[in-house]
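A.B. asks: model the following, please.
(one chain, ligands or ions: 1)
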Amino acid sequence: MPTNTTLTILFLAAVSVALAQPSSQGVNFYSIGKEIELGKQLASETQASHQAQPDARLQTIGDRLAAKTAGAYQYQFYVYPSVSPQYEPIALPGGPVFVAQSMLPADEAGTAAILAHAMAHIALRHYTREMTRRDLREIGMKASPLAGGAADGAVQLASKNYDAQLHANFEFDADRFAVKLLIDAGYDPQALVRWLESFPVPKVNLALGDLPVPNRRVQAAQQAIDAQ
Ligand SMILES: [Zn+2]
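C.D. replies: Alright, predicted model coming up:
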């Protein structure tokens, strides 16, 4: 008869394995239908809170990209006013995309690159993957006998590091997907690299010789283009 501790360890090991799957195929507790429903609700909230409006120019470009995607999603595009610089579109589950006016370039390929990246997050179901991760962690924490103290701190630190890595992986995956989508729709994929080059680069890990994530994204996107 296994003890409670053994069962908890086995459970946490199973959670770790589930979370370590590639971001496009990992475990997801949410059905496509549920995801579309959730996205609609979040979109109406985001529209109100950001004073966002549907945008015909973005919709035209987005429809050209969407024609090259498979799946049940209907992509809708909104623009919201923003005074501070923004570097990431809001990609809601099931299709809604919100882009800050300040991050939109005038040229069509540059705009398509931002939309393709947002659509990639949606197609790869990153929002509900992230929700699933939170659900699993909550279950894991509740099941864990290690309440409080150093062990709990270690679990939290490991979890935080995991989150950072997972988010970076989501960005790399979305960039790679965007490269393919741009090419398929007849846009110049270099526009994605130009967009990524505009990101601010944090001064971290330089002593270790690691490139910060924005630089690594530029490299990875260029490699994805060269491999096509
Ligand atoms: Zn992103």
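
A.B. asks: what about Ala48, distance to the ion?
C.D. replies: 23 Å (C-beta to the ion, to the nearest Å). Bear in mind the C-beta positions are built from the backbone N, C-alpha and C, glycine included.

A.B. asks: pull out the buried residues from whichever strand or helix holds that residue.
C.D. replies: Counting by DSSP states H and E, the element that carries Ala48 is helix 32-50. For helix 32-50, burial by neighbour count (16 or more other C-beta atoms under 10 Å) applies to Glu35, Ile36, Leu38, Gly39, Lys40, Leu42, Ala43, Thr46, Gln47, His50.

A.B. asks: and the biggest helix by length in the chain, what does it pack onto?
C.D. replies: Among the segments of the chain that qualify as a helix by DSSP state H, the longest is helix 149-184. Here helix 149-184 touches helix 108-123, helix 126-143, helix 190-197, helix 213-226, going by 3 or more C-beta pairs under 8 Å, 6 or more residues apart in numbering; DSSP states H and E.

A.B. asks: by how many degrees do the longest one and helix 149-184 diverge?
C.D. replies: Spelled out, that is helix 126-143. 170 degrees (axes from the mean of the first three to the mean of the last three C-alpha atoms, to 10 degrees).

A.B. asks: for Gln86, helix, strand, or coil?
C.D. replies: Assigned by DSSP: H, G, I helix; E, B strand; the rest coil, the conformation of Gln86 is coil.

A.B. asks: so what's the backbone phi/psi at it?
C.D. replies: Taking degrees, to the nearest 10, you get phi -120, psi 150 for the backbone angles of Gln86.

A.B. asks: what do you get for Glu88?
C.D. replies: The phi/psi pair for Glu88 (degrees, to the nearest 10) is phi -140, psi 120.

A.B. asks: tell me who's in contact with it.
C.D. replies: Not one residue lies near Glu88 by C-beta atoms under 8 Å, 6 or more residues apart in numbering.

A.B. asks: tell me the predicted confidence for it.
C.D. replies: Per-residue confidence (pLDDT) for Glu88: 94.

A.B. asks: Gln59 too?
C.D. replies: 98.

A.B. asks: in space, what's closest to it - neighbours in sequence excluded?
C.D. replies: Phe77 (5.1 Å; C-beta to C-beta, 6 or more residues apart in numbering).

A.B. asks: chain center to the helix or strand that contains the one you found: distance?
C.D. replies: Following DSSP H and E, one finds Phe77 within strand 76-80. Its chain's average C-alpha position is 17 Å from that of strand 76-80, according to C-alpha atoms, centre = their mean, to the nearest Å.

A.B. asks: and that strand, which strands flank it?
C.D. replies: Within its sheet, strand 76-80 is paired with strand 53-54 (antiparallel), strand 96-100 (parallel), according to DSSP bridges.

A.B. asks: tell me which of these sits nearest to Ile61.
C.D. replies: Taking C-beta to C-beta, strand 96-100 is the member of these nearest to Ile61, at 10.8 Å.

A.B. asks: alpha carbons only: can I get that closest one in PDB?
C.D. replies: Output of strand 96-100 as PDB, limited to C-alpha atoms (Å, rounded to 0.1, in the frame of the first residue of the first chain):
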ATOM      1  CA  PRO A  96      -9.500  37.800 -30.700                       C
ATOM      2  CA  VAL A  97      -6.300  39.900 -31.200                       C
ATOM      3  CA  PHE A  98      -5.700  43.300 -29.700                       C
ATOM      4  CA  VAL A  99      -2.800  45.500 -30.900                       C
ATOM      5  CA  ALA A 100      -1.700  48.800 -29.400                       C
END
